[in-house]
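Visitor: need the 3D shape of this:
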Amino acid sequence: MASFTKVKAKNKQGYKWICVADGPPDPITGERRQISRRADTKKEAKERVEDQKRKKQVRI
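Guide: Numbering: from 1, shown residues only. All right, here's what the predicted structure looks like:
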């Protein structure tokens with residue numbers, strides 16, 4: 001499950017969305033890893049996190 005946070009943009013664009021989700025665990029230690037990505041819309045932020053999760057799962 002992903003967590004979303006709305007943050008004020010520094011470039012006067014209004015707001016940005018940050019999405020944080022659990023990624024695959026570290027293969028050596030087994031510790032939890034989180035992936036966070038920022039975007040203009042909530043949907044874009046979630047898509048960026050999902051894309052990164054797919055990339056990390058392919059590498060393992």
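Visitor: from now on I want contacts and neighbour counts done on CA atoms only, so please keep to that.
Guide: Noted.
Visitor: for the residue most central in space within the chain, phi and psi?
Guide: Residue closest to the average C-alpha location in the chain (CA atoms, centre = their mean): Ser36, at 2.9 Å. Main-chain dihedrals, Ser36, degrees, to the nearest 10: phi -130, psi 140.
Visitor: grab the nearest non-local neighbour of it.
Guide: Val20 (4.3 Å; CA to CA, 6 or more residues apart in numbering).
Visitor: I figured the residue nearest to the centre of the chain hits Trp17, correct?
Guide: No: with contacts counted by CA atoms under 8 Å, Ser36 stays clear of Trp17, the gap being 10.3 Å.
Visitor: returning to what we had before: in terms of helices and strands, where is the residue nearest to Ser36?
Guide: Val20 belongs to strand 15-22 when assigned by DSSP states H and E.
Visitor: okay, now the sheet partners of that strand, with direction.
Guide: Applying DSSP bridges, strand 15-22 is found paired with strand 3-8 (antiparallel), strand 34-39 (antiparallel).
Visitor: low pLDDT regions in the chain?
Guide: The chain contains residues with pLDDT under 70 at 58-60.
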